[in-house]
Each structure stands twice: as structure tokens, then as C-alpha cells.
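In: predicted structure and sequence below. I'll ask about it afterward.
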Amino acid sequence: MIVRKCEDKDIDKIVDIERKSFSNPYPHKVFLNFLGSDLFLVAEKEEVIGYILGEEMGDEGWIISIAVLPEHRSQGIGTTLMREIIGRMETDEVLLTLRTNNMMAYKFYMKLGFSAEGFIKSYYENGDDAILMKKEL
């Protein structure tokens, strides 16, 4: 598997991964807006099987979205993507949000050294609450 910067040709596959991973997926245009960013990466094995999208805002790095095709999960791909993007961030901390009912993701982030910092009421479009997580670098 290789991890590389996202290219225009990857967007349709990323949108497909997004739809297979989330009940409220980001639309196509969100990914187009981040093309060219050093913090928009894909994992590839013959084809794109996962992606991660991040952004730096001052001293904070944010993980906007990460997803791996269901049939390729639990193989270390998400961990590799997280380590790669965190290694590229020039920030003091990395933050992310996740739905309060997503315990699988919560455990995943805890294993990577993130801690729960609080809750955000009605954060998601459908009214779901979010957990805010942080990792100091």
C-alpha cells in the first residue's frame, strides 16, 4: 500500500468511499475544494481504498474526514493515514469530531493518543451531538 497526495482522478473513488462509510456523506464539491492540499491523502493498493482530509488553522490541525472501504477496514490503513497526516502537520495539536454513537471510531482515536475534550450539542446536520477529541503534538 502507498499513501500519496490526492489527485483529481481520485475524487470519484473518494466520493464512493464517503458514501459507503457515512449516512450523511460530504458532497463531491467539498473534496474538489481541497484538491492540491498536502493534507488530502489517499491510500492505494491497485486502487484507492481510503482517504484522509485535514486542514491547518493557526496552531491547530483538524482531521476533517477519514474513511476506508468497508472491505479493507481493520488492516491498519486508517492508522497509517492518521500517522501520515499528523506527521505532515506543523501544529501544536490535532483536533477532530465524531458522532457520540460512533464507539468504533472513538476507540480508534483513543488508541492513537487522542483524548475526549468535550461535547458539541447538535453539531451535525441531522442534529446529532459530537465528541471533540484532541491530540497534543
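Out: Nice, thanks for sending it over.

In: quick one: the helices in this protein?
Out: 11-21, 28-34, 77-88, 103-111 (DSSP state H).

In: and for C6, the neighbour number?
Out: By other CB atoms under 10 Å, the residues close to C6 number 23. (Each C-beta comes from the backbone N, C-alpha and C, glycine too.)

In: scratch that, M103
Out: For M103, using other CB under 10 Å, the count is 10.

In: pLDDT score for it?
Out: We note a pLDDT of 93 for M103 in this prediction.

In: what of N126?
Out: On the pLDDT scale, N126 gets 85.

In: shouldn't it be in contact with N24?
Out: Yes. Counting by CB atoms under 8 Å, N126 touches N24, with 6.1 Å between them.

In: how about CSV for the helices of the chain, with distance to G118 added?
Out: As requested, the helices of the chain are exported to CSV (distance: least, CB to CB, whole Å):
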stretch, distance to G118
helix 11-21, 25
helix 28-34, 25
helix 77-88, 21
helix 103-111, 14
